[in-house]
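Engineer: Provide a 3D model corresponding to the input given below.
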Amino acid sequence: MRCYVALLLLLASFTAHAQREYLIDDFSPLYVARIHVDSDTSGVGWIAVCDQTKQALIKLESTELYVEPDYQVAGAAVARIPYAEQNWLISKDFNFDGRPDLAIQDGHNSCRGNVSFQVYLATPTGFAHNEAFTDLAQSYCGMFEVDAERKRISVQQTGSWGGETTQFSVRSNNELFLVSSYREDQSHGPFVMYSREEWNGRRMVSTEWQELYPSGEEEICSFQLAENGKRVVIFAVDSTTLYYALLRKDESVEFSYPALRSEKAPPFTLHNTKAGLSLRFQNGSARYEIRETAGGALTVTARIGTKTRDLAGAASGKKGSLKPLLTMDLDNLTRQP
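Structural biologist: Numbers count the residues shown, from 1 in each chain. All right, here's what the predicted structure looks like:
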């Protein structure tokens with residue numbers, strides 16, 4: 001019996017020792033925050049925001065409250081943590097009404113295991129939980145960003161495909177209003193797809209474009225067109241598929257062949273003649289030919305219906321050559337004499 005009682009006392013002593021409380025009292029002249037953790041390793045505990053009478057206005061349970069060892073003061077009943085050196089509690093004006101609001105961390109529930117928060121907006125008498133603002137701090141990647149000068153709230157979404165940035169304004173009654181969305185999709189490399197939606201005061205305006213980022217191994221030949229400054233890039237993806245791309249001056253893709261990941265497009269043909277090399281392909285009724293002379297000069301010819309247009313490559317800025325196509329094993333390239 002004595003051993004049993006001693007064991008209970010030992011367990012109680014251990015539990016009491018493991019439990020810790022922390023105080024954050026420098027984020028507001030009106031409120032303080034108390035953090036209680038059951039142990040230094042379990043992460044189980046709660047965060048409470050109290051007024052000057054020590055009455056808890058908000059108390060939020062959590063299973064992911066981890067404290068840096070620097071603040072685990074031995075023998076201290078309550079240890080203070082500077083507001084600037086913690087991320088459990090954020091005090092900032094989120095809705096641009098001039099009053100500091102609160103975001104309290106409740107775990108790592110946002111995208112890719114990032115931290116998540118419950119958001120409480122300030123009222124004349126205290127704080128009120130807000131579902132819309134909380135959703136921004138739960139459904140995206142981490143806490144939203146606040147641009148006080150432009151009065152915008154931004155959220156991020158990331159993944160293996162790329163990323164997306166969305167911005168909101170705050171209307172009356174704390175209504176969030178979508179004002180812009182910018183998306184970058186890298187899942188079709190080396191093509192990167194971009195899209196933007198922006199509110200112009202009357203409606204959302206959508207813009208989409210592509211850019212090309214081939215690696216050094218993928219790019220076979222590139223050159224600028226003397227007439228209009230556009231750039232031609234010939235490259236291979238996965239060392240199996242040949243592509244042709246015409247880039248505008250801003251490096252966005254104006255045209256590419258074949259269509260991205262297309263399996264039905266007619267192949268390229270490479271002709272090796274005394275005059276040099278000729279790479280040809282047909283896209284619908286349009287026929288294209290890229291010619292490289294023995295001296296290395298490049299020309300693009302486009303034939304659409306009865307119209308033919310020759311575009312000479314600029315004398316400078318050329319990279320690579322069509323010559324590697326003589327030996328490359330590509331699924332959509334045939335060679336003819």
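Engineer: Tell me what Arg152 is bridged to.
Structural biologist: Asp147 (DSSP bridges).
Engineer: List the contacts of it.
Structural biologist: Arg152 makes contact with Val146, Gln167, Phe168, Ser169, Val179 under the criterion CB atoms under 8 Å, 6 or more residues apart in numbering. Glycine gets a C-beta too; all of them are placed from N, C-alpha and C.
Engineer: Surely the first one is in contact with Ser91?
Structural biologist: Put plainly, it is Val146. No. Applying CB atoms under 8 Å, one finds Val146 not in contact with Ser91, separated by 11.5 Å.
Engineer: what comes up buried for stretch 305-324?
Structural biologist: By 16 or more other CB atoms under 10 Å, the buried positions in stretch 305-324 come out as Leu311, Gly313, Lys318, Ser321, Leu322.
Engineer: Let me know the helix or strand that the residue nearest to the third one when sequence neighbours are not counted is in.
Structural biologist: Going back to what we said before, that points to Lys318. Distances taken as CB to CB, 6 or more residues apart in numbering place Phe223 nearest to Lys318, at 4.3 Å, with adjacent residues excluded. Using DSSP states H and E, Phe223 maps to strand 219-224.
Engineer: What strands line up against that strand, and which way round?
Structural biologist: strand 231-237 (antiparallel), strand 319-320 (antiparallel).
Engineer: Please enumerate residues in contact with it?
Structural biologist: With CB under 8 Å, 6+ apart, strand 219-224 has contacts from 230-236, 292, 298, 313-314, 316-322, 324-325, 328.
Engineer: on that earlier part again, and the two most separated of the contacts of Arg152?
Structural biologist: Using CB to CB, the contacts of Arg152 span at most 14.2 Å, a distance reached by Val146 and Val179.
Engineer: On the C-terminal side of the helix or strand bottoming out on mean pLDDT in the chain, identify the next helix or strand.
Structural biologist: In the chain, no helix or strand scores lower on mean pLDDT, DSSP states H and E than helix 2-18, which sits at a mean of 42. Once the chain leaves helix 2-18, the next helix or strand it forms, by DSSP H and E, is strand 20-24.
Engineer: What mean pLDDT does that next one get?
Structural biologist: Strand 20-24 carries an average pLDDT of 90.
Engineer: same for it, what does it pack against?
Structural biologist: Contacts defined by 3 or more CB pairs under 8 Å, 6 or more residues apart in numbering; DSSP states H and E place strand 20-24 against strand 32-37, strand 78-80.
Engineer: The ones you listed: lowest mean pLDDT?
Structural biologist: Across the helices and strands packed on strand 20-24, the lowest-scoring stretch is strand 78-80, with a mean of 86.
Engineer: Go through the next helix or strand after that strand and flag the buried ones.
Structural biologist: Next in sequence after strand 78-80, counting helices and strands by DSSP H and E, comes strand 89-92. Going by neighbour count (16+ other CB under 10 Å), the buried part of strand 89-92 is Leu89, Ile90, Ser91.
Engineer: Direction included, what does strand 89-92 pair against?
Structural biologist: Strand 89-92 is paired, per DSSP bridges, with strand 101-107 (antiparallel).
Engineer: partners of the helix or strand following the partner strand, with directions?
Structural biologist: Going down the chain from strand 101-107, the next helix or strand is strand 116-123, by DSSP H and E. Strand 116-123 sits in its sheet next to strand 101-107 (antiparallel), strand 126-129 (antiparallel), going by DSSP bridges.
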